[in-house]
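Asks: What would the 3D arrangement of this be:
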Amino acid sequence: MAVAEDFADVGPIHLEMKRIDGGLSAQGSPVFEFEDQEQMAAMTRRLEAAGLAIANTHTPTLKSSGMKPWTDNESRFKREVDPYGLLAQGKSDDELEDDVHNSTVLPSSGWNYRLTDTSRLTTSGEQQ
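Replies: I've put the predicted structure just below:
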């Protein structure tokens, strides 16, 4: 509960407990009044400095959300399988920079739902 104490000046903390990958995970966010984009960026940096992984679920683009890695490989694959850009239009950060993208981007490092190292698992899910 160190996070609740460290961020008591901000407001209450909303937490949800989830079982992910066989373990228990706490996900949530501080509840506070929005002032501007700079305040959101500062809060994101402060939470990450406390050791938390941050995803921006309020952005409409894939890379900015931080919930899925979006690298050059993903961009190339998207262009290969969707050469006319018909699927998920405007969701790829590398397609365009517009006011929506610029107004929702935060300095987050991202996270994912996978908690354990799966590099040693077989296709049946058993340890090697």
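
Asks: going forward, measure contacts between C-alpha atoms and count neighbours the same way
Replies: OK.

Asks: that's a helix at F32, yeah?
Replies: No. Per DSSP: H, G, I helix; E, B strand; the rest coil, F32 lies outside any helix segment and is coil.

Asks: In terms of helices and strands, where is the residue nearest to it when sequence neighbours are not counted?
Replies: Leaving aside its chain neighbours, F32 sits nearest to G11 (5.8 Å; criterion: C-alpha to C-alpha, 6 or more residues apart in numbering). For G11, there is no host helix or strand (DSSP states H and E).

Asks: again with Q27
Replies: strand 23-30.

Asks: Name the residues that touch that strand?
Replies: The contact list for strand 23-30, computed with C-alpha atoms under 8 Å, 6 or more residues apart in numbering, reads F7, V10, G11, P12, I13, H14, L15, E16, M17, K18, R19, L115.

Asks: Tell me if I'm right that the residue nearest to F32 and V31 touch.
Replies: Yes. With contact defined as C-alpha atoms under 8 Å, G11 counts as touching V31 (5.7 Å).

Asks: And the lowest mean pLDDT element among the helices and strands of the chain?
Replies: Among the helices and strands of the chain, helix 99-104 carries the lowest confidence by mean pLDDT, DSSP states H and E, at a mean of 57.

Asks: What is the neighbour count of E33?
Replies: Residues within reach of E33, counting by other C-alpha atoms under 10 Å, total 9.
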